[in-house]
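J.: predicted model, plus sequence, below.
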Amino acid sequence: MNKIKIDGVLIVEGKADVSYLSSFIDSYFFTTNGYDLDKQKITFLKEASKVNKLIIFTDSDDAGEVIRNRLKKEIKPIFEAKSSGKSRKNYKKTGVAEQTKESVLEALKDYVSNNDILRYDYHLIDLVSLSDDPTNKKEKLIKKYRLIDGNIKSLESQLNILKILPKEIEELLSGN
């Protein structure tokens, strides 16, 4: 099945949203983890907005509205997509992860792209060794690009959202 390509970063509330949406959408995803929008996440998203379109796609409940309003206040430019709220059969909740595929695609129709989503392969760089690196290369990487500390998969995702070239990472980590 060909996935629909979305031009930008879809900002969603949680992992369930990413899991569901990524089954039929190819895009960058950023999770807020509910209300957990600390200064570090806002700073990262501001950096991301310089190279990517940010699209808020949160639930249509009070929590989603709070997150949406905070992001719109803090980050410019930022875009919004709202689902009609049509839930899939047998779902009592009305969050993004419970929406019908058609409802989701209707909400995101203005952001569909024919272009492939650019993803760099950082696997040639020994990012795994960053976890227990005594020279603090991971801290250096996080500080330089204003990343949110996390596991290797999370760091790779953030580097892709910021469109950081693997060569830049290699130079930074090798000290050149």
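T.: On my side now, so go ahead. Numbers count the residues shown, from 1 in each chain.
J.: I'd like to know how far residue 87 sits from residue 93.
T.: Per C-beta to C-beta, to the nearest Å, residue 87 is found 7 Å from residue 93. In this view, the C-beta of every residue, glycine as well, is placed from N, C-alpha and C.
J.: now the helices for the protein?
T.: Counting by DSSP state H, the chain has helices at residues 15-21, 39-48, 62-74, 101-107, 137-145, 152-161, 166-174.
J.: show me which of residue 87 and residue 93 is the more surrounded one.
T.: residue 87 (16 against 13; other C-beta atoms under 10 Å).
J.: look up how far residue 102 lies from the more buried one.
T.: Residue 87 is 12 Å from residue 102, by C-beta to C-beta.
J.: what sits in contact with each of those two?
T.: Overlap of the contact sets of residue 87 and residue 102 (by C-beta atoms under 8 Å, 6 or more residues apart in numbering) is empty.
J.: can you lay out the helices of the chain as CSV showing distance to residue 27 and mean neighbour count?
T.: Below are those laid out as CSV (distance: least, C-beta to C-beta, whole Å; neighbours: other C-beta atoms under 10 Å):
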stretch, distance to residue 27, mean neighbour count
helix 15-21, 8, 18
helix 39-48, 13, 16
helix 62-74, 17, 15
helix 101-107, 11, 17
helix 137-145, 20, 16
helix 152-161, 10, 18
helix 166-174, 21, 14
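J.: wait, which of those is closest to residue 4?
T.: Closest to residue 4 of those is helix 101-107 (C-beta to C-beta; 6.4 Å).
J.: next one: the closest one to chain centre, how far?
T.: 19 Å (C-alpha atoms, centre = their mean, to the nearest Å).
J.: so what strands line up beside the biggest strand by length in the chain?
T.: Counting residues, the longest strand found in the chain (DSSP state E) is strand 4-12. If you go by DSSP bridges, strand 4-12 pairs up with strand 25-31 (parallel), strand 54-56 (parallel), strand 112-113 (antiparallel).
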